[in-house]
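Colleague: one predicted model, sequence on top.
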Number of protein chains: 2
Amino acid sequence: MFRTAELGQKISKSEYAEREPVLRQELLDVQRRLREVSRFPVLILFAGVDGAGKGDTVNLLNEWMDTRWLMTRAYDMPSDEERERPEYWRYWRDLPPRGRIGLFLSSWYSRPLLDRVYEKIDEATLDARLDRILSLEKALADDGALILKFWMHLSRDAQKRRLKKLEKDPLKSWRVTQQDWEHWRIYDHFEAAAERIIMRTSTGTAPWSIVEGEDQHYRSLTVGTIIRDEITKRLDALSLEPAPMQGSEPVAPDADGETAPVESDLVSLKSATVLSMLDMSLHLGKSEYKKKLKQYQAELNLLHRKALAEKLSAILVFEGPDAGGKGGAIRRITAALDARHYQVIQIAAPTDEESAHHYLWRFWRHLSRAGRITIFDRSWYGRVLVERVEGFASDDEWRRAYAEINDFEEQLTDHGIVLLKYWMHITKDEQLERFKAREQVPHKRWKLTDEDWRNREKWEAYEYAAHDMVEHTSTHAAPWVLVEANNKPYARIKVLKTFCNSLEQALEARKK
Amino acid sequence: MFRTAELGQKISKSEYAEREPVLRQELLDVQRRLREVSRFPVLILFAGVDGAGKGDTVNLLNEWMDTRWLMTRAYDMPSDEERERPEYWRYWRDLPPRGRIGLFLSSWYSRPLLDRVYEKIDEATLDARLDRILSLEKALADDGALILKFWMHLSRDAQKRRLKKLEKDPLKSWRVTQQDWEHWRIYDHFEAAAERIIMRTSTGTAPWSIVEGEDQHYRSLTVGTIIRDEITKRLDALSLEPAPMQGSEPVAPDADGETAPVESDLVSLKSATVLSMLDMSLHLGKSEYKKKLKQYQAELNLLHRKALAEKLSAILVFEGPDAGGKGGAIRRITAALDARHYQVIQIAAPTDEESAHHYLWRFWRHLSRAGRITIFDRSWYGRVLVERVEGFASDDEWRRAYAEINDFEEQLTDHGIVLLKYWMHITKDEQLERFKAREQVPHKRWKLTDEDWRNREKWEAYEYAAHDMVEHTSTHAAPWVLVEANNKPYARIKVLKTFCNSLEQALEARKK
């Protein structure tokens, strides 16, 4: 989940100097519109790793924006006054009114996170606390509030660097506390708890944005840009609406099904995506490929016979650009299996019957009996990839799909199913080569359609959507395997090997 | 919560014979429209007490409606096929497509309820299971599904009568199983678990209707009428909307803020409401009143001093018709208290600042420090009373308010606050008397406004809204106290006495 925020995003000083005054002006404009319309409040929450710039960003926003209409609240241990009331009293009294923006630091996520990190509460109790948060955010969002949540992230190493750097600076060393170092020592605990929190509370109406926090220019512009875009989007949607009949009228977010453009400003801030960081030069020689192919196919055959006996099911998902080699990789897997025990599901446009149901229905129906392997050639991720980019799903639909998908996959993995998700990645140039090659070969020509060329034109939009998808749906229980697939032999072996490893681990775990 | 479904509702054979053919025709019409529009599926769930007519009602609906477009599903122990997949696979595969109706018996609520009743799971685990249900229903509702849930209720005595009656009938005795009697024996367990389930899962988009199940005519017409009205309402809302851009467009339920009329057909089916069943002749003589007043005020004074020392807070809510005697009762309480330790909050139209926030904000801000008593003269229940009846809140707003209020009150009671909610009830005639009396007395004339007379015209609508309110928000932790208030002395003593008892119990509980 956090891999997407460990890419070393950076914005140069000069680029920052160019962009910053523009963004500041735009934020002021947005704030003015928000105030004039005065139809909904904006809540902006900051949470994340110590040292990732939560406080700095809040300070900066106070510098950039008109503080008369901006409330900042940070929470420490509850006061006497607060302890004598229900826990959320302190938050309720600080909620911004319609037309204003509230910035919240260490707010309602803080205590559940730390209590879980320090193992004061178990997972079920954490979930119960998150339920309370979900109820609060739902009540506010139902009432029209715009809620933005930023998770400021640093990798373990980056956090260490950051704390060391702060300590060295005589003017800033006071900011590094003993607690910060304690947190750093239990980084893995912290990350696991954070993953669960983000997964459970990233809803369509109150989504988390994970922001890489190491470079202050990058994080500042990213946070500012998201705030600008989200408020603007909501204000624009309102101005399309007829005037409300009562003051308390709820503001339906994106209910008009308007398609979100891929946020080009946000894309342009990123010097890297989780895909662009892959080492696309990885490859495997022909003879080694043959040797390993034989080895892993034999291994897979054996493992699957064990899995069948153990009634251990597996589900494999393949996604990636056209001509990324999904079919080839799938055939190398199925070649090692008995046809009675697997099925490959090709996902294309839904049938009439399928489109008459919730979009997940068609995937539920394909779940196999125990011990089988089900391979999805394209999958439910279409919702947040092609449907998002092409505008087949509304903004609200694909945003809430992350939570729906995580919930669906949690049911699969809770049931003991091994779930692997492969992104078969190729570069844009490699795709062109492959398209051209297909045109040359008569028996492959049918594979290349006009749609493939059209999709290619939206390469960046798809890459950005894939980056977002990995951010929101790569979990410990159901990780994304990003496969460097410019070299087919390398890719196929990586797919086979990771599948064998996962099956083996799951079989081991059953023995215990 | 179930008191509203233990009133002995009855529909005569002749009235049934008159209404039934009309309703049948209307249901068929609605079904036809639903099919023609084919924009959303309808899920109808039945749960409740054994013998309350779940199965009979489903059979009847199959008789009444066009079974080609109606799916009925009942669930028993999972099959092999089902056990080999995640638990919800069986439900997903049975979901009705857009344009059709699915009737579900013993579905996703069944196992969590029984597991909790038999104490196989604790409350936290129950809540986690309910989360899964909430996610499912939310995903379906977000996708446009109309979800109706019926809780068929019988009181403990009524259930016994029903089971005995079935046993006597040679043609039906097979239907009474050992399990039915076992359930009857643990009725209280069953009721407590049911209350929690209904409270947690009655959402704005998938609300529970609690239906008294003893009289088959009443329950059949009530369920049929609700189904007819809810589908009609959704279809009407759609026809006001512009045509969708994609097939998968979400259908926002009631997002247009349309005001729901009080369902006059449903009202006319009820021979009683929870208010009409009160014994309004209860009264207290003058001398006894004086004696008891002195006694309970002294007791209250003592108890409150203990509560203050123990930091035990109390919140009292007063609602009821105009001239119901709220002010008088409140003064009899405050007379026993020290002014430094209580506050009376008069709730009238919200201030500018208050209307710029979520409607619960103004109540959160009035929560007192520990040990104090806060008395609300009218309260957050305005949302589901005056705002509902007068159309100040949209259909969707007041419906989701039940869950918001239950969540708010749970936070109060979880924090240890004693919460009592008084409904000061008078008859319509008594109100007229009191209005007239106020007109006569110069120093009371100001209390009577044009609005009071206007509200009086909507007496039935208010009574129905109050009945619904008690149904959805009277919980074990925060019950409604219905006060027979035609006789002021009786009412005031009942208010004082219940408050003393609650304080005493809470103080006792602290000692343990």
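Modeller: Everything's here; your move.
Colleague: so A:Arg456: helix, strand or coil?
Modeller: Under DSSP: H, G, I helix; E, B strand; the rest coil, A:Arg456 falls in the helix class.
Colleague: which residue is the nearest non-sequential neighbour of it?
Modeller: A:Gln431 (6.5 Å; CB to CB, 6 or more residues apart in numbering or on different chains). All C-beta spots, glycine's among them, are computed from the backbone N, C-alpha and C.
Colleague: is stretch A:113-120 positioned near chain B?
Modeller: No - judged by CB under 8 Å from any CB of the partner chain, stretch A:113-120 stays clear of chain B, getting no closer than 14.6 Å.
Colleague: about what we covered before: state the pLDDT value of the residue nearest to A:Arg456.
Modeller: With respect to pLDDT, A:Gln431 scores 95.
Colleague: ramachandran angles for it?
Modeller: Torsion angles at A:Gln431 (phi, psi; degrees, to the nearest 10) stand at phi -60, psi -40.
Colleague: tell me the domain ranges of chain A?
Modeller: With domains defined by automatic domain parsing, chain A comprises A:3-238, A:286-511.
Colleague: need the ones you listed in JSON lines with mean neighbour count, can you?
Modeller: As requested, the domains of chain A are exported to JSON lines (neighbours: other CB atoms under 10 Å in any protein chain shown):
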{"stretch": "domain A:3-238", "mean neighbour count": "18"}
{"stretch": "domain A:286-511", "mean neighbour count": "18"}
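Colleague: closest to B:Pro78 out of those domains?
Modeller: Comparison of those against B:Pro78 by CB to CB identifies domain A:286-511 as nearest, at 12.1 Å.
Colleague: so the residue nearest to A:Arg456 sits against A:Gly320, correct?
Modeller: No - here A:Gln431 does not reach A:Gly320: they are 10.2 Å apart, not a contact under CB atoms under 8 Å.
Colleague: circling back to that earlier point, B:Glu397: which of the domains of chain A is closest?
Modeller: domain A:3-238 (8.0 Å).
Colleague: around chain B, pick out the residues from the stretch 1-150 of chain A.
Modeller: So far as CB under 8 Å from any CB goes, the stretch 1-150 of chain A lies against chain B at A:38, A:41, A:81, A:84-89, A:92-93, A:95, A:97-99, A:124-125, A:127-128, A:131-132, A:135, A:139-140, A:142-143, A:145.
Colleague: what about the strands in the stretch 151-300 of chain A?
Modeller: In the stretch 151-300 of chain A, the segments counted as strands under DSSP state E, counting those that start in this stretch are A:208-212.
Colleague: quick one: low-confidence parts of it?
Modeller: For the stretch 151-300 of chain A, applying pLDDT under 70 flags the ranges A:241-264.
Colleague: switch to 90 and redo it
Modeller: When residues are selected by pLDDT under 90, those of the stretch 151-300 of chain A lie in A:162-186, A:189, A:199-200, A:202-205, A:237-274, A:276-277.
Colleague: related to what we said a few turns ago, looking at the residues of the stretch 1-150 of chain A next to chain B, which are in helices?
Modeller: A:81, A:89, A:92-93, A:124-125, A:127-128, A:131-132, A:135, A:139-140, A:142 (DSSP state H).
Colleague: can you name the two of those that are farthest apart?
Modeller: A:Glu81 and A:Ala124, at 30.8 Å, using CB to CB across those.
Colleague: show me what contacts A:Phe435?
Modeller: Contact partners of A:Phe435, counting by CB atoms under 8 Å, 6 or more residues apart in numbering or on different chains, are A:Ala323, A:Leu448, A:Asp452, A:Trp453, A:Arg456.
Colleague: who's sitting farthest from the centroid in chain A?
Modeller: Distance from the C-alpha centroid of chain A peaks at A:Pro442, with 40.2 Å (CA atoms, centre = their mean).
Colleague: roughly how far apart are that residue and chain B?
Modeller: 37 Å (CB to the nearest CB, to the nearest Å).
Colleague: circling back to that earlier point, tabulate the contacts of A:Phe435 (JSON lines), appending secondary structure.
Modeller: Converted to JSON lines, the contacts of A:Phe435 look like this (three-state DSSP):
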{"residue": "A:Ala323", "secondary structure": "coil"}
{"residue": "A:Leu448", "secondary structure": "coil"}
{"residue": "A:Asp452", "secondary structure": "helix"}
{"residue": "A:Trp453", "secondary structure": "helix"}
{"residue": "A:Arg456", "secondary structure": "helix"}
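Colleague: wait, which of those is closest to chain B?
Modeller: The closest of the contacts of A:Phe435 to chain B turns out to be A:Asp452 (CB to the nearest CB; 22.5 Å).
Colleague: isn't that closest one right next to A:Gly324, touching?
Modeller: No - look at A:Asp452 against A:Gly324 with CB under 8 Å: they stay out of range, at 11.3 Å.
Colleague: excluding its backbone neighbours, what's nearest A:Ser276?
Modeller: A:Glu463 (7.5 Å).
Colleague: that's a strand at the one you found, yeah?
Modeller: No - read with three-state DSSP, A:Glu463 is helix and lies in no strand.
Colleague: A:Ser106 and chain B, how far apart?
Modeller: For A:Ser106, the distance to chain B - CB to the nearest CB - is 20 Å.
Colleague: for A:Leu61, same thing?
Modeller: 22 Å.
Colleague: same thing with A:Asp29?
Modeller: Computed as CB to the nearest CB, the A:Asp29 to chain B distance reads 22 Å.
Colleague: residue contacts, A:Leu114?
Modeller: Applying CB under 8 Å, 6+ apart, no residues qualify as near A:Leu114.
Colleague: the one 4 residues further on too?
Modeller: Applying CB under 8 Å, 6+ apart, we find A:Tyr118 in contact with no residue.
Colleague: and A:Ile147, what element?
Modeller: In this structure, A:Ile147 is located in strand A:146-153 according to DSSP states H and E.
Colleague: and that strand, what other elements does it pack with?
Modeller: strand A:42-48, helix A:54-64, helix A:123-142, helix A:187-201, strand A:208-212, helix A:216-240 (3 or more CB pairs under 8 Å, 6 or more residues apart in numbering or on different chains; DSSP states H and E).
Colleague: for the nearest residue to A:Asp188 once chain neighbours are set aside, what are its contacts?
Modeller: Leaving aside its sequence neighbours, A:Asp188 sits nearest to A:Arg156 (CB to CB, 6+ apart; 8.0 Å). Contact analysis of A:Arg156 by CB under 8 Å, 6+ apart lists A:Trp184, A:Tyr187, A:Asp188.
Colleague: do that again at 10 Å, thanks
Modeller: A:Glu6, A:Val49, A:Trp184, A:Tyr187, A:Asp188, A:Phe190, A:Glu191 (CB atoms under 10 Å, 6 or more residues apart in numbering or on different chains).
Colleague: repeat that for A:Arg19.
Modeller: By CB under 10 Å, 6+ apart, A:Arg19 lies in contact with A:Ile11, A:His217, A:Ser220, A:Leu221, A:Gly224, A:Thr225, A:Asp265, A:Ser268, A:Leu269.
Colleague: that older thread, joint contacts of A:Asp452 and A:Gly324?
Modeller: Listed as contacting both A:Asp452 and A:Gly324 by CB under 10 Å, 6+ apart are A:Gln431, A:Arg434.
Colleague: double-check that A:Leu420 belongs to a strand.
Modeller: Yes - counting by three-state DSSP, A:Leu420 is found in a strand.
Colleague: thought A:Arg445 was touching A:Lys436?
Modeller: No - counting by CB atoms under 10 Å, A:Arg445 does not reach A:Lys436; the two are 11.3 Å apart.
Colleague: tell me the mean pLDDT over stretch A:497-508?
Modeller: Stretch A:497-508 shows a mean pLDDT of 96.
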